[in-house]
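> Need the 3D shape of this:
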Amino acid sequence: MSQERQLLQLRQEQLHRHINLALDLLQGSLHKNPSQRGYHLTTKVDQKTVTKYVRQELVPQVRAMTRNHLKVRQLLQRLSDTNWRLLQLPPAD
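Next up is the predicted model:
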């Protein structure tokens, strides 16, 4: 097996692990609206903005979960790039 294939497979496995660790996620953006009390999580659903109220004690957890969503998106892009590179290699002997 070529060294490049081994390195790409190792990277693929690492990305799988990192994605699994970050699956505690929420899609959306957390905002504090000055005209209203509390925080709100906003996201698009069927091209419409949906807003959900977030209790103050949940704000740190929601922030961490929305960061995880962004992280998973980046990791998925890297995994896709790695998978594509693996597909471009000549078949293993």
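
> can you map out the helices along the protein?
Residue ranges of the helices in the chain, as given by DSSP state H, are 3-21, 59-88.

> Any idea which of those gets closest to Gly28?
helix 59-88 (6.1 Å; C-beta to C-beta). The C-beta positions use only the backbone N, C-alpha and C, and glycine is treated the same way.

> what's the closest one packed up against?
Where contact means 3 or more C-beta pairs under 8 Å, 6 or more residues apart in numbering; DSSP states H and E, helix 59-88 is packed against helix 3-21, strand 29-32, strand 39-45.

> ok, and the closest non-adjacent residue to Arg11?
Thr82 (5.2 Å; C-beta to C-beta, 6 or more residues apart in numbering).

> Identify the residues contacting the one you found.
Contacts for Thr82 (C-beta atoms under 8 Å, 6 or more residues apart in numbering) come out as 8, 11-12, 15.

> Check the spacing between it and Gln6 real quick.
If you measure Thr82 against Gln6 using C-beta to C-beta, to the nearest Å, the figure is 13 Å.

> just Val45 next, same as before
Val45 is 42 Å from Gln6, by C-beta to C-beta.

> So which residue is smack in the middle of the protein?
The residue lying closest to the centre of the chain (C-alpha atoms, centre = their mean) is Val72, at 1.8 Å.

> Touching, it and Asn20? I think so.
No: if you go by C-beta atoms under 8 Å, Val72 and Asn20 don't touch, sitting 9.8 Å apart.

> pLDDT score assigned to Thr49?
With respect to pLDDT, Thr49 has a value of 95.

> Can you tell me who it pairs with across the strands?
Per DSSP bridges, residues listed as beta-bridge partners of Thr49: Lys44.

> Kindly report the same for Val54.
Here Val54, judged by DSSP bridges, has bridge partners Tyr39.

> was I right about it contacting His40?
Yes: counting by C-beta under 8 Å, Val54 does reach His40; the two are 6.4 Å apart.

> so what sits against both of these two?
Both Val54 and His40 are in contact with Leu30, where contact means C-beta under 8 Å, 6+ apart.
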